[in-house]
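Colleague: quick one, structure for this:
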Amino acid sequence: MEPRETVRGGRTLDRGGRRRAVLAPQTGGRRTSLPADVVADASRRLRAVALLYAAVFSIVGPVTALSSARPERHAFFTNALRVGPALLSIAAALTVAVATRPRAGLSSRTVLAIGLMFEVVGSYGIAAARYLDPAQPTVAPPGVSWVAVWILLFATAIPTPPRQALAAAIASATAVPVISVLSAVLRDAVPESGLWLFGLQLFLPYLLVAIVAYVASRVLYRLGTELGHARELGSYRLVEPLGQGGMGEVWRAEHQLLARPAAIKLIRGATSDPEAAELVARFEREAQVTSSLRSPHTIQLYDFGVADDGAFYYVMELLDGFDLHALVERFGPLPIERTIHLLIQVCDSLAEAHERGLVHRDIKPANVYVCRYGRAVDFIKVLDFGLVKPVVESSHDATLQDITAVHAARGTPAFMAPEQALGNRPLDARTDLYAVGCLAYWLVTGRPVFTGESPIDTIVKHVHAAPEPPSRHADVSAEFDEIVAACLAKDPAERPPSADALAMRLRQSWRSQGWTDERAREWWNTHVPAR
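Modeller: Residues are numbered from 1 along each chain as shown. You can find the predicted model right below:
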């Protein structure tokens with residue numbers, strides 16, 4: 001008889017003992033707002049539509065007139081009822097494009113209001129350009145015009161709440177009737193049926209277009225809200241993607257009850273595939289190991305479980321800063337005093353893991369994050385314990401042994417210790433310290449210790465080649481050269497014996513002009529102002 005699922009603390013446990021996320025109840029019922037990334041995408045589309053609108057009006061209006069013979073050009077620019085609607089429509093479109101640019105910082109509600117107003121203004125601009133000028137041959141256009149296309153374009157390209165979309169569509173549907181009636185008055189050509197009936201006859205086809213637009217908008221908006229509903233993991237709601245690689249995804253998320261942002265790492269895929277099963281097992285191990293570590297310089301986990309669609313996930317703190325690879329790529333190599341300040345914090349995280357008998361095995365710039373953390377700046381967080389391995393393997397670590405035995409040389413070639421690459425001796429804390437030496441080299445020089453023509457060539461150099469001292473490529477002291485050389489020793493016995501010992505050597509090399517809190521805060525305020 002198969003064990004049934006049980007519920008603890010609002011979570012369902014699956015048969016493997018892992019928690020399965022249960023969609024949390026929403027205040028006031030089902031979600032009624034769009035995900036932030038969908039709104040941001042709609043804002044980008046609105047800007048593109050506005051620029052397209054301005055371009056089309058420029059081509060069919062002023063540009064065409066300027067390229068025409070002199071009489072036609074004179075007739076266009078001297079007729080206010082022709083040039084006026086064209087110029088006003090172009091100006092309105094460009095205003096919307098500027099207002100919705102990414103750096104404008106407008107709220108989603110404001111962008112939505114701008115979009116709805118632009119739909120109405122754009123409809124009147126199209127109608128005025130076509131039917132207001134008394135020189136036009138007709139005031140009663142048969143069927144529907146480009147205004148209908150404009151209304152439907154907005155309904156499908158810019159998702160908005162259905163009621164607001166309907167209101168804007170109906171307001172836009174009045175454009176042709178109102179402009180045509182005004183044109184009839186200006187022409188002194190009032191139809192025998194009267195202006196009201198004339199306008200109503202023109203309005204009815206556009207009213208049907210508005211209803212179709214409302215239906216389309218309702219369908220698209222519901223799909224958007226259901227997407228947001230599907231992105232809820234327990235008490236957390238996925239907001240926007242932060243990164244993706246292989247089967248993994250990282251999202252910015254929000255807690256539905258607490259004012260606490262978070263990052264959620266997801267792994268999707270069938271666990272029947274051996275490689276996928278290995279990845280999921282390693283992912284689960286990463287969550288378990290990381291949650292057991294308490295160093296302030298190790299990424300903190302809030303939750304872990306399995307979503308309704310079978311995706312494994314864990315929730316971690318959301319960091320405001322850069323990984324060290326991005327930091328050096330964007331701002332260049334770091335001064336030695338700042339490098340020492342950051343490396344000491346890396347050592348603090350690793351020291352706790354090593355005391356627990358764990359080797360990280362993948363210390364590299366992309367897995368070390370420097371950030372604002374509360375009031376602190378230049379605060380280090382070590383990430384990604386997915387390749388963690390116990391120094392002393394025991395029977396209760398059988399699952400992890402199975403995971404790591406498949407690929408004994410897992411890691412990043414540019415930051416891989418010789419014994420990790422060869423798999424010829426047990427790994428211990430000194431394996432991570434070799435990677436810390438590579439990290440130190442990268443921070444002060446902006447280049448890896450060894451660069452090969454292929455990953456295998458890079459690994460061979462780590463095993464056999466002697467590294468150049470960092471001082472060949474950066475202004476660093478001989479003492480710093482010695483520390484890096486000790487970390488990069490081929491024989492683990494010649495490296496610092498522990499992360500604490502390495503941190504001590506780094507502190508002893510500190511000079512009076514070290515990286516102070518004032519210098520760190522000045523750098524962050526200059527390059528990354530607080531939001």
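Colleague: ok, the longest strand along the chain: who's next to it in the sheet?
Modeller: Counting residues, the longest strand in the chain under DSSP state E turns out to be strand 236-245. Using DSSP bridges, strand 236-245 pairs in its sheet with strand 232-233 (antiparallel), strand 248-255 (antiparallel).
Colleague: select, out of these, the one closest to S193.
Modeller: strand 232-233 (56.2 Å; C-beta to C-beta). C-beta: built from backbone N, CA, C; applies to glycine.
Colleague: contacting residues for the closest residue to P469 other than its chain neighbours?
Modeller: Among residues not flanking P469 along the chain, D481 sits closest, at 4.2 Å (C-beta to C-beta, 6 or more residues apart in numbering). Neighbouring residues of D481 by C-beta atoms under 8 Å, 6 or more residues apart in numbering: 469-471.
Colleague: winner for burial among the strands paired with strand 236-245?
Modeller: Mean neighbour count (mean count of other C-beta atoms under 10 Å) peaks for strand 232-233 among the strands paired with strand 236-245, with a mean of 22.
Colleague: state the mean pLDDT of that one.
Modeller: The average pLDDT for strand 232-233 rounds to 60.
Colleague: and if you look at stretch 457-464?
Modeller: 94.
Colleague: need the contact partners of it.
Modeller: 409, 413-414, 416-418, 421-422, 448-452, 490.
Colleague: how about 6 Å then?
Modeller: 413-414, 416, 418, 421, 450, 452 (C-beta atoms under 6 Å, 6 or more residues apart in numbering).
Colleague: gap between that stretch and the chain center?
Modeller: Here stretch 457-464 is found 36 Å from its chain centre; the criterion is C-alpha atoms, centre = their mean, to the nearest Å.
Colleague: report the buried residues of it.
Modeller: 458-463 (16 or more other C-beta atoms under 10 Å).
Colleague: export those residues to JSON lines and tack on distance to P496 and secondary structure?
Modeller: Converted to JSON lines, these look like this (distance: C-beta to C-beta, whole Å; DSSP: H, G, I helix; E, B strand; the rest coil):
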{"residue": "T458", "distance to P496": "23", "secondary structure": "helix"}
{"residue": "I459", "distance to P496": "23", "secondary structure": "helix"}
{"residue": "V460", "distance to P496": "25", "secondary structure": "helix"}
{"residue": "K461", "distance to P496": "22", "secondary structure": "helix"}
{"residue": "H462", "distance to P496": "18", "secondary structure": "helix"}
{"residue": "V463", "distance to P496": "20", "secondary structure": "helix"}
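Colleague: will you turn those into TSV that also has distance to G243?
Modeller: TSV is the format used below for these (distance: C-beta to C-beta, whole Å):
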residue	distance to G243
T458	24
I459	26
V460	31
K461	30
H462	27
V463	32
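Colleague: quick check, nearest of the residues you listed to Q164?
Modeller: T458 (57.1 Å).
Colleague: show me where pLDDT drops low in the stretch 401-531 of the chain?
Modeller: 401-410, 511-513 (pLDDT under 70).
Colleague: please repeat the previous calculation with a cut-off of 80.
Modeller: 401-411, 424, 510-514, 530-531 (pLDDT under 80).
Colleague: now the strands for it?
Modeller: Assigned by DSSP state E, counting those that start in this stretch, the stretch 401-531 of the chain shows no strands.
Colleague: excluding its backbone neighbours, what's nearest the most centrally placed residue in the chain?
Modeller: In the chain, the centroid-proximal residue (C-alpha atoms, centre = their mean) is L242; its distance is 3.1 Å. Excluding the flanking residues, the one nearest L242 by C-beta to C-beta, 6+ apart is V250, at 4.6 Å.
Colleague: for the one you found, give the beta-bridge partners.
Modeller: G243, K265.
Colleague: surely it is in contact with P241?
Modeller: No - in this structure, V250 is not within contact of P241 by C-beta atoms under 6 Å, at 7.3 Å.
Colleague: could you measure from E482 over to K490?
Modeller: Per C-beta to C-beta, to the nearest Å, E482 is found 16 Å from K490.
Colleague: now do G115
Modeller: 63 Å.
Colleague: then V377?
Modeller: V377 is 37 Å from K490, where distance means C-beta to C-beta.
Colleague: then I363?
Modeller: Taken as C-beta to C-beta, the span from I363 to K490 is 18 Å.
Colleague: ditto for P470
Modeller: According to C-beta to C-beta, P470 and K490 sit 18 Å apart.
Colleague: just the closest of the contacts of stretch 457-464 to R505, please.
Modeller: P418 (21.3 Å).
Colleague: test my guess that the closest one contacts K490.
Modeller: Yes - assessed by C-beta under 6 Å, P418 is found in contact with K490 at 5.4 Å.
Colleague: pull the number of nearby residues for L197.
Modeller: 11 (other C-beta atoms under 10 Å).
Colleague: for it, grab phi and psi.
Modeller: phi -70, psi -40 (degrees, to the nearest 10).
Colleague: not counting its neighbours along the chain, what's nearest it?
Modeller: Nearest one to L197, counting by C-beta to C-beta, 6+ apart, is P191 at 7.7 Å.
Colleague: for that neighbour, give me the pLDDT.
Modeller: Per-residue confidence (pLDDT) for P191: 70.
Colleague: returning to what we had before: of G115 and K490, who's got more company?
Modeller: Using other C-beta under 10 Å as the criterion, G115 and K490 rank with G115 on top: 26 against 16.
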